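>>> fold the following and give me the result.
(chains A, B, C and D)
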There are 2 protein chains.
Amino acid sequence: MTTAQHTSKLTARGAATRTRIVTATADLVRKHGAAGTSLDEVMAASRTSKSQLYHYFTNKEDLLRAAAWQQTDRIMATQRPELDQLDSLAGLRRWRDKFVAARDEAQNVGGCPLGSLASELADGDPQTRDVLQKCFTAWASPLLMGLTAMRDQGQLRPDADPEALAEAIMAALQGGLLLSKTYRSSRPLARALDMAIDHVASFATVR
Amino acid sequence: MTTAQHTSKLTARGAATRTRIVTATADLVRKHGAAGTSLDEVMAASRTSKSQLYHYFTNKEDLLRAAAWQQTDRIMATQRPELDQLDSLAGLRRWRDKFVAARDEAQNVGGCPLGSLASELADGDPQTRDVLQKCFTAWASPLLMGLTAMRDQGQLRPDADPEALAEAIMAALQGGLLLSKTYRSSRPLARALDMAIDHVASFATVR
DNA sequence: CCTAGTCTGGACTAGTCAGTCCAGCTTGCG
DNA sequence: CGCAAGCTGGACTGACTAGTCCAGACTAGG
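Numbering: from 1, shown residues only, chains lettered A, B, ... in the order given. Now for the predicted structure:
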């Protein structure tokens, strides 16, 4: 969650400033992308100066990595409590419904903040790619937990692979969000998630 | 395919230059993204000058739209002949296999050129979003044709919705590509496409 | 209260960016 | 052959970029 070189030695004031910077960055990146966000804008939005940015982060990439972490935290916070009840088909459907409703509320503007970031940065430096991997894995972990529980409880057949299912759901989610953003409609997302949940259901023991 | 203001009045030499510019742009954008591609780089790669860029395109966005079209053409050309034989589960699987193999050959570097472009530009001006929509629709159309044929031939149940299926497959594809790029592995793409094809298979009349 | 380390403001650099402009070249066509 | 229109080279502008640097303010701990 922290940026290597700042795990220690942080005053209360310093910590607050750092958070302010990261939050402002995450906001701006969500709206205009990583390349579309300048440090000057971050400074203005967080009421800080250049020296502060470079005091807490080694460079822009470093700041973007921190923003990716925060974005992941935010996403997961937004999806509580549904994210903790993914251990049944009904739970998965509730999660889906909330997600689709949220997209419609946002009028399908802007895709997945994490997905956009990944699309833009995953081909860049390995350190950033590593963070993005961990973010996706963290986000998918409640999904993985739920599916594993379903299998262990006998709701899913023993040959169901929770990891594969979770990864496929995540792919459907990301792709659905991208198309929804492009078509300015939640329909592609809804269809993708329905497909994914049907896929899970195809491993159900009771029909 | 052309850019509104240049549908006519194009010498052979002019047309060649224009193509050179678009091709260079598409190449660069595939590698470094839209924001990561400067007009100076386009000039160098296409051996042209600023005045030429602005002679054939009104601005960078306009050029990017043309590049999106070309990218779509390229994708579809690359996937022939598999793209014309998506009218059976076996055909879908052949398409899937070719796709996954191609990603592995590229060592899972770079995602879908069209997907990246959409992720970057879909929130921008409506004209560009419109082009991106048309590109996705064009790419999905062989899929839609194949699925429709399957239903009409009785391979799929009458309640199968080819449009919904095609859109869900496309979402799985895009999401799979994004995760594959992030994890530098074709596994997420393979799992996503397998799920999508299983989903089609769940509407099959014979099992 | 003192001082070392943390934190901050902001000027500055050197480079890059999209877009403009004009003068001169080439080519299709009458 | 001539001329109008298409085409090209490249200098130029003004805005914006990430990153550097230093002087000074704050603050925790002794």
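>>> going forward, measure contacts and count neighbours with C-alpha atoms only.
Will do.
>>> for burial, what's the neighbour tally of the nearest residue to residue A:85 once chain neighbours are set aside?
Computed as CA to CA, 6 or more residues apart in numbering or on different chains, the closest residue to residue A:85 that is not its neighbour in sequence is residue A:91, at 5.5 Å. Here the count is done by other CA atoms under 10 Å in any protein chain shown, and residue A:91 has 16 residues near it.
>>> any idea how far residue A:91 is from DNA strand C?
Using CA to the nearest atom of the strand, to the nearest Å, residue A:91 is found at 43 Å from DNA strand C.
>>> in what helix or strand does that residue lie?
Following DSSP states H and E, one finds residue A:91 within helix A:89-105.
>>> and that helix, which residues are buried?
Applying a neighbour-count criterion of 16 or more other CA atoms under 10 Å in any protein chain shown, one finds A:89, A:91, A:92, A:93, A:94, A:95, A:96, A:97, A:99, A:100, A:103, A:104 buried in helix A:89-105.
>>> repeat that for stretch A:71-79.
Under the neighbour-count criterion of 16+ other CA under 10 Å, stretch A:71-79 has A:71, A:72, A:76 buried.
>>> which one of the residues you listed is nearest chain B?
Among the buried residues of stretch A:71-79, residue A:72 lies closest to chain B (CA to the nearest CA), at 15.2 Å.
>>> for that closest one, give me its contacts.
Residue A:72 makes contact with A:114, A:135, A:136, A:138, A:139, according to CA atoms under 8 Å, 6 or more residues apart in numbering or on different chains.
>>> can I get those in JSON lines including neighbour count and secondary structure?
Converted to JSON lines, these look like this (neighbours: other CA atoms under 10 Å in any protein chain shown; DSSP: H, G, I helix; E, B strand; the rest coil):
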{"residue": "A:114", "neighbour count": "24", "secondary structure": "helix"}
{"residue": "A:135", "neighbour count": "21", "secondary structure": "helix"}
{"residue": "A:136", "neighbour count": "20", "secondary structure": "helix"}
{"residue": "A:138", "neighbour count": "16", "secondary structure": "helix"}
{"residue": "A:139", "neighbour count": "18", "secondary structure": "helix"}
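>>> any idea which of those residues is closest to residue A:43?
Nearest to residue A:43 among the contacts of residue A:72, counting by CA to CA, is residue A:114 at 21.9 Å.
>>> could you chop chain A up by domain?
Annotated domains of chain A cover A:1-78, A:79-207 [automatic domain parsing].
>>> interface residues of chain A facing DNA strand C?
Contact residues, chain A versus DNA strand C (CA under 7 Å from any atom of the strand): A:9-15, A:17, A:47-52, A:55.
>>> state the pLDDT value of the closest residue in space to residue A:189 that isn't next to it in sequence.
Using CA to CA, 6+ apart and skipping the chain neighbours, the partner closest in space to residue A:189 is residue A:176 (3.8 Å). At residue A:176, the pLDDT value in this model is 98.
>>> kindly report the same for residue A:9.
For residue A:9, the model assigns a pLDDT of 78.
>>> out of the residues of chain A next to DNA strand C, who has the most neighbours?
For these, counting by other CA under 10 Å, the largest number of neighbours falls to residue A:17: 18 neighbours.
>>> now for the helix or strand harbouring that residue, which elements pack on it?
Following DSSP H and E, one finds residue A:17 within helix A:12-32. When contacts are defined as 3 or more CA pairs under 8 Å, 6 or more residues apart in numbering or on different chains; DSSP states H and E, helix A:12-32 sits against helix A:39-46, helix A:60-78, helix A:113-121.
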